[in-house]
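Q: Attaching a predicted model along with its sequence, questions to come.
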Amino acid sequence: MNYSQFLNMIPEATLMLALVLVFFADFALYKSERKTFVLGVLTGALLLCQLVPCFLAEPATAFGGMYVSSPIVNVMKTILTLGTFIVVVMSQKWMASNTKLSGEFYMLVLSTLLGMYMMMSAGHFLLFFLGLEMASVPMACLVAFDRYKKKSAEAAAKYILTATFSSGVMLYGISFLYGAVGTLYFDDMAASIELTPLTIMGMVFFFSGLGFKISLVPFHFWTADTYEGAPTPITGYLSVVSKGAATLTLAIILMHVFGRLVEYWEPLLWIVIMLTITVGNLFAIRQTELKRFMAFSSISQAGYIMLAVIGNSAQSLTALTFYVLVYVAANMAVFTVISAVEESNGGRTDMAAYNGLYATNPKLSLLMTLALFSLAGIPPFAGMFSKFFVFMAAVGGHESAPFWPYFVVFIALINTVVSLYYYLLIVKAMYITKTEEPLPTFKNGAAINWSLAICTIGILLFGVCSCIYEWIDKAAVAL
Amino acid sequence: MIYELSYLILLLPLLSFLVLGLAGMKMQHKTAGLIGTCSLSLVTLLSYWTAFAYFTADRVNGIYQTIVPYNFTWLPLGNLHFDMGILLDPISVMMLVVISTVSLMVHIYSFGYMHGEKGFQRYYAFLSLFTMSMLGLVLATNIFQMYMFWELVGVSSYLLIGFYYPLKPAIAASKKAFIVTRFADMFFLVGILTFGYFTDSFSFSFAGDIVMGQGTTPFIEGNIAKAVAAGGFIIPTALVLMFIGGAGKSAMFPLHIWLPDAMEGPTPVSALIHAATMVVAGVFQIARMFPLWIEYAPQAMSIVVWVGVITAFYAAAVACAQSDIKRVLAFSTISQIAFMMVALGVSLPGHHGAVLDNHAQLGYMAGMFHLFTHAMFKACLFLGAGCIIHAVHSNEMALMGGLRKYMPITHITFLISCLAIAGIPFFSGFSSKDEIITACMEYSPVVGWIMTGIAAMTAFYMFRLYYGIFWGTENKEAHAHHTPHEAPLTMTLPLIVLCVITVGVGVYTTIAGFAGWGGSFGSFVSAAGTDYTIHFNTQIAATSTVIAILSICLATYIYKGESQPIADRLYKTFPKLHRAAYKRFYQDEIWQYVTHRIIFRCVSTPIAWFDRHVVDGTFNFLAWGANEGGESLRSWQSGDVRKYAVWFLTGTVALTLILLCI
């Protein structure tokens, strides 16, 4: 056996190492009071080390094509690592007041991340499935991490049940594909897949499994309940990191493995995306519970992310990855603020808790506003650029100017206006709505401030600094 | 590389803007002012250094090279891309020197002038923002970058005009300036997009390639050729549209209406933005696009000429009747910018192969030269006016008179600048204006004589202003409880510096022009980048000097005395003419009528109705639908996991069926 192929798996290998180190450190620090902090710093440092090998640029394979490492996947890994890092940083405050099991928390986070890595780098449906499950199961534990809250347990139960169900449907789909093509390797399948009802059925069933992860309509029902019940940092993690991994994987598999079925998966995407964006928005409008609200917002954002794939070109992958990067910054900022507010008012996350926030906590409100503006796509924040690139990617890549991609983009544009309305509801609550007893001024603590600082830099700079987009573009073209 | 620090020229003012804008209110006035001034001093040094390096660098075949130290793609859009970068060529380097010099003088001057004002820090923050934007505008490597900074310049001008925002006129003036220039900029943008759409490029690199006869890159030439192939009118149309934008910024008739009102801003701002730098952006734009104008749109250049001639005459006529000293200077600025426009416009094509003939060179060089000299003496005049306003607390000429005894330094510098603008030999304005008139004469004697006449009017109204302020009857009543006094050193020093430049440049170029020496302005800036030696046409020089002196004598005769019988008699003889000129020939009223009565009533009202009923109705309907939809969909989200699974499976099967059916 040629061991040098392990060198192509440096991201996974370092993550494994981090997992083991945190595990032992957790034992060694058993009685220390500063355990959470030390572990957090350790995890964070290891995550940051992760960023270095992620810059590996050359496409490479290991284990006979089971594992594939490509530049764009490495870029996405870097972005997700950054997202995870922010989650780890922002969860400090929550952890300090809610749980003593910090070691477990970090390990679970790291193992879901490892699962996502595997899923993204898979070159074979088996490894892909393993990665997916490896990301799903610890995620359920994380959702249930608030052990003394019923809602948390309920959320986890709903999550794991739906996840199991969707995995079943997906495996069913994969078995169809195996039956029709006779291989589970991505490359082989791409080469020999034929257009038959069986493969189409397999593809849709497979699609629904990842659709669950991304929470595309109609596979999204678990989202609101789970997001609401899960601890806030985990909700952020679910909405950003988990989603980012699944979208890129789905995009690569659709464009690469099902390349020959493009006439079939494109209509599939049109329908699903229009449904996702619209339904997500319609539900979001009426929400007063902020975490449920963000759940529906993230459903519609997922629709925007997938919109890029319609273009079926390298530009699509660039736009998708860039969107995820921008989304990481904006959404994490929102969840950090939610978490900070939640911790200082006894766990309330309804919108009324934000009334008059500007009067007492002006800086926090301002950052929240920036993040919401970015989510809504208002220039000059990064969100406007990412939406622009996604729209460009969606209508580009076609020979002529076909009707449907433009139509889908048009629907998405109208929905942008709707989303602006509901994002501004929060801004209105913070700035305009008068209240008798606004939340008293509170101190954020260093962890929250750091997390907010990173996110805000991202919101302000990711769009304006064109080099980031170009860097992603280079990686996407090299795929 | 020598130019590798050039990015600091843009970065330093930006940083100082950010620091002053974000933390300024916590600082002492003095600290804030010092931060702004120090960063600008560094910028000035860097600019001088860049200019020195650039103009002493080896030329290739006697031609200055276009140098692009930095350029990167900011936003790729298919074939097109928006770049950001720094471009150095003779005109941008010359502008660097002008902008940084005047801006530094204004920074220093403002220490005295704005002393103790509320919002001192905000003032310096805006000055930094303006300087950064203006430098970015002239250093742009492509027309889109130029447009971005162009708008930034507009914004900072808006902010500074409205600096005294508690005062109603200041707000009205700032809004007027912003709206009028934005209206013109709309045409600019359309021009840019037309140009970009047909040529697939926003880049300025053609400027270095086509006319100056260096190795033309096929890419750019192909682009221009593509646009020409698509229709010969495209490039002229785009250029004229861009010119409308430039005319708005440079206050050309009839878009000049914002500039006199912009005098509501602090006087140093008027000196910097509304006399020396921003208002010449339109001239700079024409100069930047000059190779395209003479190559592809020579006929359209007559539009530039005639707009310039009309503006120059109109503004000079109005300036003769104004009583507010800043308004006089404002109209004089409009008139002088029009001189520059005319100079560029009369540069007809006539190049033989790669080398432009004398004719095209002359107008271009003269326009740029006048831009340079005008920036210096007009800034000096405005800053001098600032000292006077500081001393008598009013803009009205009626409250002045006899000030020469109280303010000797201001008096002398003001006089020198007046002599310069009037075109007296050995002062800088003479050399540049004379070249403009020579170029006009070669273009057409009619234009030449009209411009000579306007130059005479210039000398007349400037000396009317001068005598009104410094001679004539002293208004003892107004000065009774408050004797006017000379301004502090921070304010007089900039005056002296600008004056020294005016005289120094004037003396050297006058002698060099008569003697035919090199090393004059033409050696630095010329259309082809070559060494252009200025030779005065003795006949024209003599004529215009004599006419200027005659006008000055006339002004002296009418306005110098304690009482002014002739002036009074003139008012009585032509009351209507005087009133019309005083009211700026009712231009504002005409605009008011056109916008309020015609556009608002006949166009805007129906559109507003349509907007309120049809558009709003549609969106209200959408919102209502969205709300109702959200309400009725709620039952889906029941919280029952079994139902979720059913929906999941139904969805999957339904999607499969849909796909199988198509």
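A: Everything's here; your move. Numbering: from 1, shown residues only, chains lettered A, B, ... in the order given.

Q: In the stretch 1-150 of chain A, which residue sits closest to chain B?
A: A:K150 (12.9 Å; CB to the nearest CB). For glycine as for every other residue, the C-beta is placed from the backbone atoms N, C-alpha and C.

Q: mind listing what that residue touches?
A: For A:K150, no contacting residues are found, by CB atoms under 8 Å, 6 or more residues apart in numbering or on different chains.

Q: separation between it and A:A156?
A: Counting by CB to CB, to the nearest Å, the gap from A:K150 to A:A156 is 11 Å.

Q: Could you list the residues of the stretch 251-400 of chain A in contact with chain B?
A: A:264, A:267-268, A:271-272, A:279, A:281-283, A:285-286, A:392, A:396 (CB under 8 Å from any CB of the partner chain).

Q: Which ones among those lie within strands?
A: Among those, the subset assigned to strands under DSSP state E is empty.

Q: which one of the residues you listed is nearest B:M278?
A: A:M392 (34.6 Å; CB to CB).

Q: And the pLDDT at that closest one?
A: A:M392 carries a pLDDT value of 86.

Q: where does the closest residue to chain A within the stretch 51-200 of chain B land in three-state SS?
A: Chain A sits closest to B:W74 of the stretch 51-200 of chain B, with a gap of 4.7 Å, by CB to the nearest CB. When classified by DSSP: H, G, I helix; E, B strand; the rest coil, B:W74 comes out as strand.

Q: That one: how many residues sit nearby?
A: B:W74: 20 surrounding residues under other CB atoms under 10 Å in any protein chain shown.

Q: which SSE is the nearest residue in space to A:L42 that is not next to it in sequence in?
A: Leaving aside its chain neighbours, A:L42 sits nearest to A:A25 (5.8 Å; criterion: CB to CB, 6 or more residues apart in numbering or on different chains). Using DSSP states H and E, A:A25 sits within helix A:10-28.

Q: for that helix, what is the average pLDDT?
A: Rounded mean pLDDT across helix A:10-28 is 82.

Q: And for stretch B:461-476?
A: The average pLDDT within stretch B:461-476 is 83.

Q: what do you get for stretch A:251-262?
A: 90.

Q: what distance separates that stretch from the centre of its chain?
A: Centroid separation for stretch A:251-262 versus its chain: 21 Å, with CA atoms, centre = their mean, to the nearest Å.

Q: Show me what counts as buried in that stretch.
A: By neighbour count on 16 or more other CB atoms under 10 Å in any protein chain shown, the buried set for stretch A:251-262 is A:A251, A:I252, A:I253, A:L254, A:M255, A:H256, A:V257, A:F258, A:L261.

Q: Show the end-to-end separation of stretch B:520-537, please.
A: The first and last residues of stretch B:520-537 sit 16 Å apart, counting by CA to CA, to the nearest Å.

Q: In that stretch, which residues are buried?
A: Buried-residue list, stretch B:520-537, by 16+ other CB under 10 Å: B:520-532, B:534-537.

Q: how far does that stretch sit from the chain's center?
A: With CA atoms, centre = their mean, you get 23 Å for stretch B:520-537.

Q: The helix or strand encompassing A:M139 packs against which elements?
A: If you go by DSSP H and E, A:M139 is part of helix A:125-143. On a contact count with 3 or more CB pairs under 8 Å, 6 or more residues apart in numbering or on different chains; DSSP states H and E, helix A:125-143 meets helix A:102-121, helix A:150-181, helix A:197-214, helix A:232-237.

Q: quick check: angle from the longest one to helix A:125-143?
A: Here helix A:150-181 runs at 170 degrees with respect to helix A:125-143, directions being taken by axes from the mean of the first three to the mean of the last three CA atoms, to 10 degrees.

Q: now helix A:150-181: mean pLDDT?
A: Mean predicted lDDT for helix A:150-181 stands at 91.

Q: Would you mind checking the average pLDDT for the helix or strand just after that helix?
A: Using DSSP H and E, the helix or strand that follows helix A:150-181 in sequence is helix A:186-192. Mean pLDDT, helix A:186-192: 89.

Q: what sits up against helix A:186-192?
A: By CB under 8 Å, 6+ apart, helix A:186-192 touches A:65, A:68, A:122-125, A:177, A:181-183, A:253, A:256-260.

Q: And for stretch A:16-35, what's in contact with it?
A: For stretch A:16-35, the external contacting residues (CB under 8 Å, 6+ apart) are A:38-39, A:42-43, A:46-47, A:49-50, A:102-104, A:106-107, A:110-111, A:114.

Q: Only the buried subset of these, as a ChimeraX command please.
A: Selection of buried members from these for ChimeraX, criterion 16+ other CB under 10 Å:
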select /A:38,39,42,43,46,47,50,102,103,104,106,107,110,111,114
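
Q: quick one, what contacts B:M278?
A: Neighbours of B:M278 in contact, by CB under 8 Å, 6+ apart: B:F130, B:M134, B:V153, B:S157, B:K249, B:L272.

Q: Near chain A, which residues of chain B? Just list them.
A: Counting by CB under 8 Å from any CB, chain B sits next to chain A at B:72-78, B:622-623, B:626-627, B:629-631, B:633-634, B:636-637, B:639, B:641, B:643-645, B:647-652, B:655-656, B:658-660, B:662.

Q: Run through the residues that contact A:P59.
A: So A:P59 contacts A:V68, A:S69, A:S70, A:P71, A:A478, A:L479 (CB under 8 Å, 6+ apart).

Q: Please tell me I have it right and the fifth one contacts A:V73.
A: No: shown here, A:A478 and A:V73 do not form a contact pair, counting by CB atoms under 8 Å, at 10.8 Å.

Q: So whichever residue of the stretch 301-450 of chain A sits closest to chain B: helix, strand or coil?
A: Nearest to chain B in the stretch 301-450 of chain A, going by CB to the nearest CB, is A:V418, at a distance of 6.0 Å. Three-state call for A:V418 (three-state DSSP): helix.

Q: I'd say it and A:I285 touch.
A: Yes: if you go by CB under 8 Å, A:V418 and A:I285 touch, sitting 7.1 Å apart.

Q: in the chain, which ranges drop under the pLDDT threshold?
A: Just going to use chain A. Residue ranges of chain A with pLDDT under 70: A:1, A:30-37, A:49-57, A:99, A:397-401, A:479.

Q: my question was about chain B
A: Scanning chain B for pLDDT under 70 picks out B:1, B:78-79, B:205-223, B:348-360, B:477-481, B:633-636.

Q: in it, what residue is nearest chain A?
A: Nearest residue of chain B to chain A (CB to the nearest CB) works out as B:G651 at 3.2 Å.

Q: what about the residue of the stretch 301-450 of chain A closest to chain B, neighbour count?
A: Neighbours of A:V418 under the rule other CB under 10 Å: 22.

Q: Could you pull up the residues touching it?
A: A:N281, A:I285, B:L622, B:A626.

Q: let's see it at 6 Å
A: By CB atoms under 6 Å, 6 or more residues apart in numbering or on different chains, A:V418 lies in contact with A:N281.

Q: Would you point out which residue of chain A is nearest chain B?
A: A:P218 (3.2 Å).

Q: Phi, psi for B:I63 please.
A: Backbone dihedrals for B:I63, given as degrees, to the nearest 10, come out at phi -120, psi 130.

Q: Oh, that last question was meant for A:L307, not what I typed.
A: phi -50, psi -40.

Q: With B:N537 instead?
A: phi -80, psi 110.

Q: That one contacts B:T438, doesn't it?
A: Yes: with contact defined as CB atoms under 6 Å, B:N537 counts as touching B:T438 (5.0 Å).

Q: just to revisit the earlier point, from A:L171, how far out is the residue of chain B closest to chain A?
A: Here the criterion is CB to CB. By it, B:G651 lies 18 Å from A:L171.
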